[in-house]
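Enquirer: starting from these lines, generate the structure:
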Amino acid sequence: MEKKVISGIEVEIYKKKVKNLRIKVANGKVVMTVPYLMPESKFVSLFNSKLDWVKKHLKNKKPNKPPFTYKSGEEFYLFGEKVKLRVEISPKKQFYLYDGELILFVKNIDTQTVKNDFENALKNILLEKSKPYFEKWVRLTGLKHQKVRIHKTLSRWGSCNVKTRNINLSLYLANLPLSCIDYVVLHELCHLQVANHGQDFKALLSRYMQGWELVKAYMRDNAENFRLKLD
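Expert: Below is the predicted model:
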């Protein structure tokens, strides 16, 4: 990652194996994902073409939420519903969801231990919750994936490796309503047939999910209301 000031705005630039440039504004930061071989003059020009959009989103950014501290009684969103964390000492690491609480049993109460166990619990919960959506869309589309992995990524909600047919989901999807998971699962499976986001891809999405654009817009406009701030 490198930081560069473009037209007076500090931008975090990540060069990756992607086909198209992506710009994201979140928590007052501007992040740009750039294809490896794209020259600087090209991505600077593309950024400047989106300058009004970037400034608008920076201006309208919401106040930063305090970071999650992994303490008993702290609230967070799980699939769009508020849940309380309860941390208990136990010789065996495990977790339960019961009566509006995520009960986390940890061996040590130090913050790093609780943090690791909390994030692992969210990964397992998200994996389990996403299974019915994968089963549904694989059945309806005939598009079959291999493995599903969960990563703590802010830059995208999901990704698909067309060669390995593996799909990655963002850990932060666990905070959003279930309709968002439904959409992201279908979105990534559709990439097994169409790798880009062009008209063929959009037509494929529309074939299986009417109104997917509304879900995408909802995520764009409301995700920060739900998403945990994890360091």
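Enquirer: tell me how this structure divides into domains.
Expert: Following automatic domain parsing, the chain resolves into domains at 2-59, 75-226.
Enquirer: burial check on residue 229, number of neighbours?
Expert: 13 (other C-beta atoms under 10 Å). (C-beta placed from N, C-alpha, C; glycine too.)
Enquirer: where's it relative to residue 79, distance?
Expert: 18 Å (C-beta to C-beta, to the nearest Å).
Enquirer: try residue 42
Expert: Note on residue 42: its distance to residue 79, by C-beta to C-beta, is 40 Å.
Enquirer: between those two, who's got more neighbours?
Expert: residue 79 (18 against 13).
Enquirer: kindly export stretch 54-61 (C-alpha atoms) in CSV.
Expert: This file holds the C-alpha atoms of stretch 54-61, laid out as CSV (Å, rounded to 0.1, in the frame of the first residue of the first chain):
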residue,chain,number,x,y,z
VAL,A,54,-15.3,11.4,-3.7
LYS,A,55,-15.7,14.9,-2.3
LYS,A,56,-19.4,14.5,-1.8
HIS,A,57,-18.9,11.2,0.2
LEU,A,58,-16.1,12.7,2.2
LYS,A,59,-18.4,15.7,3.1
ASN,A,60,-21.3,13.5,4.0
LYS,A,61,-19.2,11.0,6.1
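Enquirer: and that stretch, what's its mean pLDDT?
Expert: Rounded to a whole number, the mean pLDDT of stretch 54-61 is 79.
Enquirer: pLDDT score for the spatially most central residue of the chain?
Expert: Nearest to the mean C-alpha position of the chain, by C-alpha atoms, centre = their mean, lies residue 157 at 3.0 Å. In this model, residue 157 is scored at 95, pLDDT.
Enquirer: which one of the domains of the chain is the most hemmed in?
Expert: Mean neighbours per residue, mean count of other C-beta atoms under 10 Å, is largest over the domains of the chain for domain 75-226, with a mean of 16.
Enquirer: next, work out how far apart the residue nearest to the centre of the chain and residue 226 are.
Expert: If you go by C-beta to C-beta, the gap between residue 157 and residue 226 works out to 12 Å.
Enquirer: also residue 81?
Expert: As for residue 81, its distance to residue 226 is 10 Å (criterion: C-beta to C-beta).
Enquirer: before we move on, what about residue 156?
Expert: Residue 156 is 16 Å from residue 226, by C-beta to C-beta.
Enquirer: same check on residue 94?
Expert: For residue 94, the distance to residue 226 (C-beta to C-beta) stands at 26 Å.
Enquirer: where does this structure have low pLDDT?
Expert: In the predicted model of the chain, residues 61-64, 231 satisfy pLDDT under 70.
Enquirer: quickly find the element holding the residue lying farthest from the centre of it.
Expert: Most distant from the centre of the chain: residue 91, at 32.4 Å, with distances by C-alpha atoms, centre = their mean. Per DSSP states H and E: residue 91 is located in neither a helix nor a strand.
Enquirer: list the contacts for it?
Expert: Remark: with contacts taken as C-beta atoms under 8 Å, 6 or more residues apart in numbering, residue 91 is in contact with residue 107.
Enquirer: what's the top helix by length along the chain packed up against?
Expert: The residue-count maximum for a helix in the chain (DSSP state H) belongs to helix 111-141. Secondary-structure packing of helix 111-141 (3 or more C-beta pairs under 8 Å, 6 or more residues apart in numbering; DSSP states H and E): strand 94-98, strand 101-106, strand 148-151, helix 178-190, helix 199-208.
Enquirer: by contact count, what packs against the fourth one?
Expert: This means helix 178-190. With contacts taken as 3+ C-beta pairs under 8 Å, 6+ apart, helix 178-190 sits against helix 111-141, strand 158-161, strand 166-170, helix 199-208, helix 212-226.
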